[in-house]
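Visitor: what shape does this take:
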Amino acid sequence: MIRHDAGWISNPMSAEHLARRIGQMRDGAGHDVPLAMFGTPQDPDYWRAADELGFGQVALLLPTKPRDESLRLLDEYAAKVQQYRG
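Guide: Numbering: from 1, shown residues only. So this is what the prediction gives:
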(Lines give C-alpha, C1' and ligand atoms only; values in the text may rest on other atoms or scores of the structure.)
Protein backbone atom coordinates (compact mmCIF):
# COMPACT_ATOMS: atom_id res chain seq x y z
CA MET A 1 0.00 0.00 0.00
CA ILE A 2 2.72 2.45 0.95
CA ARG A 3 4.88 1.68 -2.11
CA HIS A 4 1.94 2.27 -4.42
CA ASP A 5 0.70 5.39 -2.62
CA ALA A 6 -2.72 3.78 -2.37
CA GLY A 7 -5.48 3.69 0.19
CA TRP A 8 -6.51 0.83 2.44
CA ILE A 9 -9.73 -1.18 2.51
CA SER A 10 -9.92 -2.78 5.92
CA ASN A 11 -11.93 -5.58 7.39
CA PRO A 12 -13.52 -4.73 10.74
CA MET A 13 -11.14 -4.91 13.69
CA SER A 14 -11.09 -3.33 17.12
CA ALA A 15 -10.62 0.44 17.09
CA GLU A 16 -7.35 0.01 19.01
CA HIS A 17 -5.95 -2.41 16.42
CA LEU A 18 -7.09 -0.18 13.56
CA ALA A 19 -5.46 2.86 15.19
CA ARG A 20 -2.12 1.02 15.38
CA ARG A 21 -2.30 -0.19 11.77
CA ILE A 22 -3.36 3.20 10.45
CA GLY A 23 -0.57 4.89 12.41
CA GLN A 24 1.97 2.52 10.88
CA MET A 25 0.67 3.21 7.38
CA ARG A 26 0.63 6.98 7.88
CA ASP A 27 4.15 6.90 9.32
CA GLY A 28 5.40 4.79 6.41
CA ALA A 29 3.64 6.89 3.78
CA GLY A 30 4.47 10.21 5.40
CA HIS A 31 0.88 11.44 5.00
CA ASP A 32 -2.75 10.47 5.52
CA VAL A 33 -4.02 7.59 3.43
CA PRO A 34 -7.57 7.07 2.15
CA LEU A 35 -9.40 4.57 4.33
CA ALA A 36 -12.48 2.44 3.65
CA MET A 37 -13.97 -0.56 5.42
CA PHE A 38 -15.91 -3.52 4.06
CA GLY A 39 -18.25 -5.59 6.21
CA THR A 40 -18.54 -2.91 8.87
CA PRO A 41 -20.46 -3.97 11.98
CA GLN A 42 -24.00 -2.64 12.24
CA ASP A 43 -23.15 -0.47 15.22
CA PRO A 44 -23.36 3.34 15.14
CA ASP A 45 -20.74 3.58 17.92
CA TYR A 46 -18.34 1.57 15.78
CA TRP A 47 -19.06 3.90 12.84
CA ARG A 48 -18.19 6.89 15.04
CA ALA A 49 -14.90 5.27 16.03
CA ALA A 50 -14.13 4.56 12.36
CA ASP A 51 -14.95 8.17 11.48
CA GLU A 52 -12.62 9.44 14.20
CA LEU A 53 -9.85 7.22 12.80
CA GLY A 54 -10.29 8.82 9.38
CA PHE A 55 -12.37 6.27 7.47
CA GLY A 56 -14.09 8.04 4.61
CA GLN A 57 -16.29 5.09 3.67
CA VAL A 58 -17.79 2.13 5.46
CA ALA A 59 -19.83 -0.59 3.77
CA LEU A 60 -22.38 -2.80 5.46
CA LEU A 61 -23.08 -6.33 4.30
CA LEU A 62 -26.56 -7.21 3.15
CA PRO A 63 -26.87 -10.99 3.19
CA THR A 64 -28.82 -12.74 0.48
CA LYS A 65 -32.24 -13.33 2.00
CA PRO A 66 -35.83 -13.52 0.78
CA ARG A 67 -37.29 -10.18 -0.30
CA ASP A 68 -39.27 -9.41 2.85
CA GLU A 69 -36.37 -10.22 5.14
CA SER A 70 -34.01 -8.10 3.01
CA LEU A 71 -36.42 -5.17 3.20
CA ARG A 72 -36.65 -5.57 6.98
CA LEU A 73 -32.85 -5.55 7.23
CA LEU A 74 -32.66 -2.42 5.09
CA ASP A 75 -35.18 -0.72 7.41
CA GLU A 76 -33.02 -1.70 10.39
CA TYR A 77 -29.93 -0.32 8.66
CA ALA A 78 -31.75 2.92 7.87
CA ALA A 79 -32.75 3.31 11.54
CA LYS A 80 -29.15 2.79 12.61
CA VAL A 81 -27.93 5.36 10.08
CA GLN A 82 -30.45 7.84 11.51
CA GLN A 83 -29.14 7.05 15.00
CA TYR A 84 -25.57 7.61 13.80
CA ARG A 85 -26.40 10.92 12.15
CA GLY A 86 -28.24 11.98 15.31
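Visitor: so where is this structure shaky, pLDDT-wise?
Guide: With pLDDT under 70 as the threshold, the chain has low-confidence stretches at 1-2.
Visitor: by residue count, which helix of it is the longest?
Guide: Counting residues, the longest helix found in the chain (DSSP state H) is helix 67-85.
Visitor: could you pull out the helices for the chain?
Guide: Taking DSSP H as the criterion, the chain contains helices spanning 15-29, 44-53, 67-85.
Visitor: run through the neighbouring helices and strands of the first one.
Guide: Here helix 15-29 touches strand 8-10, helix 44-53, going by 3 or more CB pairs under 8 Å, 6 or more residues apart in numbering; DSSP states H and E. C-betas here are computed from N, CA, C, even on glycine.
Visitor: let me know the angle separating the longest one from helix 67-85.
Guide: When axes from the mean of the first three to the mean of the last three CA atoms, to 10 degrees is applied, the directions of helix 44-53 and helix 67-85 differ by 50 degrees.
Visitor: list the residues that contact the nearest residue to Gly7 once chain neighbours are set aside.
Guide: When the adjacent residues along the chain are set aside, Gly7 lies closest to Pro34, with 3.2 Å between them (CB to CB, 6 or more residues apart in numbering). Counting by CB atoms under 8 Å, 6 or more residues apart in numbering, Pro34 touches 6-8, 56.
Visitor: what does Pro34 show for phi and psi?
Guide: Main-chain dihedrals, Pro34, degrees, to the nearest 10: phi -60, psi 140.
Visitor: now do it against Ile9, distance only.
Guide: Computed with CB to CB, to the nearest Å, the distance linking Pro34 and Ile9 is 9 Å.
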